[in-house]
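Colleague: coords please:
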Amino acid sequence: MDQHLPFVRTTAKQRYSKRLRVYQEQTVPILSHYAEQGNLLEVDGEQQWENIVEEIVRAIQSRHYIAIGGRKTPTGRNVI
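Modeller: Numbering: from 1, shown residues only. Next up is the predicted model:
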């Protein structure tokens, strides 16, 4: 790495604008792809974190028949 690169100061507004642009250019197309396949779970991230975790676990369990906490799946396999 070149040790002589100038230090560039950026404002919070510049950083936020860049992050938003990268999100729109790189993340949104991926989300659309998975949504079209029915493989996207949307969760309200403004609720209590415990509720977010519960919602994600329920979705994974119902979609993939995974049992959390040492219970058995429908195929009889133990899942940790």
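Colleague: drop to CA atoms for contacts and neighbour counts, all remaining ones
Modeller: Will do.
Colleague: Give the buried residues for the helix ranked longest in the chain.
Modeller: Longest helix in the chain by number of residues (criterion: DSSP state H): helix 49-64. By neighbour count on 16 or more other CA atoms under 10 Å, the buried set for helix 49-64 is 55, 58.
Colleague: Restricting to C-alpha, output it in CSV.
Modeller: Provided in CSV are the C-alpha atoms of helix 49-64 (Å, rounded to 0.1, in the frame of the first residue of the first chain):
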residue,chain,number,x,y,z
TRP,A,49,-34.3,-7.2,18.8
GLU,A,50,-35.9,-10.2,20.6
ASN,A,51,-38.9,-9.9,18.3
ILE,A,52,-36.7,-9.7,15.3
VAL,A,53,-34.8,-12.8,16.3
GLU,A,54,-38.1,-14.7,17.0
GLU,A,55,-39.5,-13.6,13.6
ILE,A,56,-36.4,-14.8,11.8
VAL,A,57,-36.3,-18.1,13.7
ARG,A,58,-40.0,-18.8,13.0
ALA,A,59,-39.5,-18.1,9.3
ILE,A,60,-36.4,-20.4,9.1
GLN,A,61,-38.2,-23.1,11.0
SER,A,62,-41.3,-23.0,8.8
ARG,A,63,-39.4,-22.8,5.6
HIS,A,64,-36.7,-25.4,6.3
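Colleague: for it, the distance to its chain's centre please.
Modeller: 13 Å (CA atoms, centre = their mean, to the nearest Å).
Colleague: Now do that helix, average pLDDT.
Modeller: Per-residue pLDDT values over helix 49-64 give a mean of 85.
Colleague: And what about the residue lying closest to residue 59 once chain neighbours are set aside, helix, strand or coil?
Modeller: Leaving aside its sequence neighbours, residue 59 sits nearest to residue 41 (CA to CA, 6 or more residues apart in numbering; 7.6 Å). The local conformation at residue 41, judged by DSSP: H, G, I helix; E, B strand; the rest coil, is coil.
Colleague: Need the phi and psi values for residue 41.
Modeller: Dihedral angles of residue 41 (phi, psi; degrees, to the nearest 10) stand at phi -110, psi 120.
Colleague: Against residue 11, how distant is it?
Modeller: As judged by CA to CA, to the nearest Å, residue 41 and residue 11 stand 33 Å apart.
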